[in-house]
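Student: turn this into a structure:
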Amino acid sequence: MSEHTVVPRIDPEHVRAVVYGTNAEVQERFRQHFGVDIERAVEDLGKGYHEFQDLQDQVKLDEHCAEVQLFIHTAYNSLISSLHLLVSGYPVGSGHLMRHFVESIAMALMCSDLRIGVYQAYAANRKHFDMASAPDRLKQKPVRRILESALGFDSDAWETVLHLAPHAQAPPNTRLKLTAPVVGGRIAFVIIPARRRSLSAIR
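Tutor: Here you go, the predicted model:
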């Protein structure tokens, strides 16, 4: 009978090193291979959130507007955190946050116009509201027509976002190549008109 291989035992210090680790070595490898794509995403996310903060000073201070802003903030936070996890070597966690991003921005758009009825349904039952269905619900023709008229919503851009979602668990190279163009171009076109028109119109 062969002998068991002696494997070093894990102790709390090993776990602590993982929990508090910076993953600097992995991040540097991502920077070397995908630095241009990462920087493009970082620049666009930073500029987009800065503009969002500027627009917050122009909107009506009520619960409805606050919840729309919360969904937009959650979308940005999920996307930035997803990118952080990806370049830190955690693609599964990164993929889960990408789905949160898609759901959050869909909710922000649909809640921004009361004619759609999503905000009322959400406000009546926040605990059990099915936000997972929001991305597909945004594709419905009546919803699209309202948002296209009110906000200049780009339905083609939204299809690009939904195309990204199945790639949330794809290899890092695929994900970065998909993330950067969407963040840098069409997704900004989806988000910015929603902020500029709906949030200021609520005032």
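Student: switch to C-alpha atoms for all contacts and neighbour counts from now on
Tutor: Will do.
Student: now do the helix or strand where residue 53 lies: which elements does it pack against?
Tutor: In this structure, residue 53 is located in helix 24-56 according to DSSP states H and E. Here helix 24-56 touches helix 63-87, helix 172-181, helix 187-193, going by 3 or more Cα pairs under 8 Å, 6 or more residues apart in numbering; DSSP states H and E.
Student: what sits up against the following helix or strand past the first one?
Tutor: Sequence order places helix 91-111 as the next helix or strand after helix 63-87, per DSSP H and E. Outside helix 91-111, the residues within contact range by Cα atoms under 8 Å, 6 or more residues apart in numbering are 68-69, 71-72, 74-79, 81-86, 116-119, 131-135, 138, 143, 147, 161-162, 165, 168-169, 171-172, 191, 194.
Student: let's go with 6 Å and repeat that
Tutor: 68, 71-72, 75, 78-79, 82, 85-86, 118-119, 134-135, 168-169 (Cα atoms under 6 Å, 6 or more residues apart in numbering).
Student: so where's the chain uncertain?
Tutor: 1-2, 164-203 (pLDDT under 70).
Student: burial count for the nearest residue to residue 83 once chain neighbours are set aside?
Tutor: Nearest residue to residue 83, sequence neighbours excluded (Cα to Cα, 6 or more residues apart in numbering): residue 94, at 6.6 Å. Residues within reach of residue 94, counting by other Cα atoms under 10 Å, total 23.
Student: state the distance from residue 94 to residue 13.
Tutor: Residue 94 sits at a distance of 25 Å from residue 13 (criterion: Cα to Cα, to the nearest Å).
Student: okay, now residue 140: neighbour count?
Tutor: 10.
Student: also residue 90?
Tutor: By other Cα under 10 Å, neighbour count at residue 90 equals 15.
Student: make a ChimeraX selection of the buried ones in the contacts of helix 91-111.
Tutor: Selection of buried members from the contacts of helix 91-111 for ChimeraX, criterion 16 or more other Cα atoms under 10 Å:
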select :68,71,72,75,78,79,82,85,86,118,119,134,135,168,169
